[in-house]
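Chemist: Sequence first, then the predicted structure:
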Amino acid sequence: MNYRHAFHAGNFADLVKHAALLRLLARLTAGGPPLTVIDTHAGRGLYDLAGPEARKSGEAEAGIVRLMAAKAAPEAFRPLIEAVAALNGGGAVRRYPGSPWLIAQALRPGDRYLACELRKEEHDALRSALKGHANAKTLCADGYAAAVERCPPRGRVLLVIDPPFEKADDYGRIVDTLAAARERNPLVQALIWLPLKDLETFDAFLRDLEDGVDGEVEIAEARIRPLADPMKMNGCALALVGVPGLTTDLEAICGWVAQALGEGGGSRVYRLASS
Ligand code: SAM
């Protein structure tokens with residue numbers, strides 16, 4: 001386990017994931033019964049963009065710093081821009097919120113949040129980032145197993161699945177986890193983040209998702225460059241399972257990222273054939 005999100009926090013892929021996540025949470029918490037969010041790969045919760053990792057990679061400079069300076073970013077980015085501005089006291093962007101901080105801020109008092117992180121140092125930081133959020137719990141454990149074991153059998157549940165993809169079995173474990181959680185509770189919805197390197201790996205995952213999981217699946221792709229070099233992260237994608245009504249936001253988010261932050265990439269949002 002070498003992956004450290006501190007190198008990548010606030011990059012183009014975080015912008016896609018976090019902007020969509022906040023728009024989705026706004027809908028899910030606008031009314032209705034309590035919501036449980038289970039974040040299978042939570043990370044440390046808050047990131048220091050002035051730290052050595054972020055400075056070395058320069059990814060936040062090319063991502064969140066450009067979004068915050070943009071004159072005409074789409075409305076779909078507004079909740080993320082406001083969250084980052086609030087975290088930084090309206091000044092220069094020195095800190096970036098991870099999914100745990102964003103989720104904890106967005107939930108209502110009656111909602112529940114479980115943040116899973118396997119790496120101990122990251123989990124310790126996560127626990128302190130979530131201090132003061134009475135309805136948020138953390139678990140230093142495998143998030144795939146926890147998502148199934150801790151999935152409530154009734155009520156609304158959102159799984160956020162954002163693995164580092166260091167291991168080849170991440171793709172298979174996503175599908176298995178989702179299928180098992182939805183078997184336990186058919187109301188489970190999911191937002192899954194995926195890297196776009198080469199099309200073969202991505203298409204194979206989409207076929208497995210179609211075969212393994214019942215329900216509506218919407219895919220949103222943001223490519224920052226053509227998928228010519230499979231060793232590079234050439235873009236990212238989100239798979240939304242059981243989540244209707246987010247298409248316009250996804251188009252705006254992926255379109256802006258590909259166009260404003262990319263070099264000859266593109267974006268598209270589509271539904272899988274079976275949905
Ligand atoms: N979701 C976070 C966010 O948006 O701020 C970023 C998560 S980062 C991409 C992936 C994290 O998963 C890393 O912190 C890594 O240590 C952790 N991790 C790796 N394997 C895991 C597993 N099986 N269960 C839980 N966490 C895991």
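Modeler: Sure thing, it's come through.
Chemist: can you give me the strands for the stretch 151-275 of the chain?
Modeler: Remark: strands of the stretch 151-275 of the chain, listed N- to C-terminal, are 156-161, 188-196, 217-223, 235-241, 266-271; assignment by DSSP state E, counting those that start in this stretch.
Chemist: Mean pLDDT and distance to Thr138 for the ones you listed - can I get that in CSV?
Modeler: For the C-beta atoms, the positions are set from N, CA and C on the backbone; glycine is no exception. Conversion of the strands of the stretch 151-275 of the chain to CSV gives the following (pLDDT from 0 to 100; distance: least, C-beta to C-beta, whole Å):
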stretch, mean pLDDT, distance to Thr138
strand 156-161, 98, 14
strand 188-196, 98, 19
strand 217-223, 98, 28
strand 235-241, 98, 24
strand 266-271, 97, 33
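Chemist: and the stretch 1-150 of the chain, which residues reach the ligand?
Modeler: Contact residues (C-beta under 6 Å from any ligand atom) of the stretch 1-150 of the chain with the ligand: 1, 3, 5, 17, 40-43, 98-99, 116-119, 122, 142-144.
Chemist: Phe205 and Leu272, how far apart?
Modeler: As defined by C-beta to C-beta, to the nearest Å, Phe205 lies at a distance of 11 Å from Leu272.
Chemist: ugh, wrong one, Leu240
Modeler: When C-beta to C-beta is applied, the distance between Leu240 and Leu272 equals 10 Å.
Chemist: want to try JSON lines for the strands of the stretch 151-275 of the chain, with distance to Leu24 as columns?
Modeler: Formatted as JSON lines, the entries for the strands of the stretch 151-275 of the chain read as follows, by distance: least, C-beta to C-beta, whole Å:
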{"stretch": "strand 156-161", "distance to Leu24": "7"}
{"stretch": "strand 188-196", "distance to Leu24": "6"}
{"stretch": "strand 217-223", "distance to Leu24": "11"}
{"stretch": "strand 235-241", "distance to Leu24": "8"}
{"stretch": "strand 266-271", "distance to Leu24": "14"}
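Chemist: Just put the ones you listed in JSON lines and tack on mean neighbour count.
Modeler: Formatted as JSON lines, the strands of the stretch 151-275 of the chain follow (neighbours: other C-beta atoms under 10 Å):
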{"stretch": "strand 156-161", "mean neighbour count": "24"}
{"stretch": "strand 188-196", "mean neighbour count": "23"}
{"stretch": "strand 217-223", "mean neighbour count": "22"}
{"stretch": "strand 235-241", "mean neighbour count": "24"}
{"stretch": "strand 266-271", "mean neighbour count": "17"}
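Chemist: Kindly present these as JSON lines, with separate columns for distance to the ligand.
Modeler: Putting the strands of the stretch 151-275 of the chain into JSON lines (distance: least, C-beta to the nearest ligand atom, whole Å) gives the following:
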{"stretch": "strand 156-161", "distance to the ligand": "7"}
{"stretch": "strand 188-196", "distance to the ligand": "7"}
{"stretch": "strand 217-223", "distance to the ligand": "15"}
{"stretch": "strand 235-241", "distance to the ligand": "11"}
{"stretch": "strand 266-271", "distance to the ligand": "20"}
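Chemist: All set, thanks.
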